[in-house]
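Trainee: Quick one, fold the following:
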Amino acid sequence: MKNLIKFNVIILFLALNVSCQKNDQQLIEIKEVSPWCILGFDAADRTPEQRIALLKELGLTKYGFNKGKGDFSNMKKEFKLAKENDIEITSVFLWLHAKRDSIGKLSPANQELLQNLREVAQKPVIWVSFSDNFFENLTQEEAIKRSIDMIQFVKLEANKIGCKLALYNHHGWFGNPYNQIKILEELNDESLSMVYNFHHAHEYVDQFQDIVQKIKPYLSFVNLNGVKKEGPQILTIGEGDYEFEMINMLIEEGYNGPWGILGHIKTEDVKIVLERNIEGLKLLNAKVK
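Mentor: Numbers count the residues shown, from 1 in each chain. Take a look at the predicted model:
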């Protein structure tokens, strides 16, 4: 009888343990997400000090640095503050425009960005993207060659600084993930990777399963967003029709982060926007059985 009771107790313990593990299972660990597009997308117009304080208030330990509005005059100060507060800056954004950037010569603003990166301790990944004017009136082959040549130049500059480089899907020709896959295949450089943005993925929803399989070997970051085919471009996580399914596709293919959440709304306090997205992640996590 005692042995039977002991056996039943063990079975009950194991059942409870499995149940707890299932309840604890999450799609995404919220405290590990990294906000993106929070500079210049904040009606409160926070200072670097206020931005770092906000991240700590939200329980977040990392974020991406985009130029936002204005210049880079506070960039080194912000990096210093982040380091002092154990906040990781995961990425910086490098936007290339054909009227200002060319092989061998970047725009003054992009030169300043890279110079600042030389002078700071943290060495985030440089997320690089192109204006569509780089590819106007070019054949597919010419566009691939031009993008490869420019990326190779930027990568040499990034190497000198000690930063890695990742391709960032925006709009237009370079925003097409199939074009980025072709570029990465041609370059055949394991140190290059890809960032995939849900807020630039609306037109590729129906192809996403195929895209996931092809981008997985290169994928280093995914920025999340609510996704409806018809838009809007920026939508709170959990309010779209496809983001839960898309996240699951990524996880099933073996991608488990890192993940980003967006500010990206100039007319609202970015704290409120981030809190909405955090709540959206909680809703998606609650769907996990």
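
Trainee: And the helices in the stretch 1-150 of the chain?
Mentor: Under the criterion DSSP state H, counting those that start in this stretch, helices of the stretch 1-150 of the chain are mapped to 2-24, 48-57, 75-84, 108-119, 140-161.

Trainee: packing partners for the third one?
Mentor: Packed against helix 75-84 by the contact rule (3 or more C-beta pairs under 8 Å, 6 or more residues apart in numbering; DSSP states H and E) you find helix 48-57, strand 62-65, strand 88-96, helix 108-119. From N, CA and C alone the C-beta is placed, and that goes for glycine too.

Trainee: Give me whichever of those is most buried.
Mentor: Ranked by mean neighbour count under mean count of other C-beta atoms under 10 Å, the helices and strands packed on helix 75-84 are led by strand 62-65, which reaches a mean of 24.

Trainee: Extract the CA atoms of that one and return them as PDB.
Mentor: Coordinates of the C-alpha atoms in strand 62-65 are reproduced here as PDB (Å, rounded to 0.1, in the frame of the first residue of the first chain):
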ATOM      1  CA  LYS A  62      18.800  46.400 -25.000                       C
ATOM      2  CA  TYR A  63      17.700  48.600 -27.900                       C
ATOM      3  CA  GLY A  64      18.700  49.600 -31.400                       C
ATOM      4  CA  PHE A  65      20.100  53.100 -32.300                       C
END
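
Trainee: Give me the contacts around that strand.
Mentor: 32, 34-39, 51, 55, 75, 78-79, 87-93, 124, 127, 260 (C-beta atoms under 8 Å, 6 or more residues apart in numbering).

Trainee: swap in stretch 34-52?
Mentor: Applying C-beta under 8 Å, 6+ apart, the external contacts of stretch 34-52 come out as 54-55, 60, 62-70, 74, 77-78, 81-82, 85, 87-88, 90-91, 223, 258-271, 273-274.

Trainee: Can you report how many residues lie near residue 187?
Mentor: 16 (other C-beta atoms under 10 Å).

Trainee: and if you look at residue 267?
Mentor: When counting by other C-beta under 10 Å, one arrives at 8 neighbours for residue 267.
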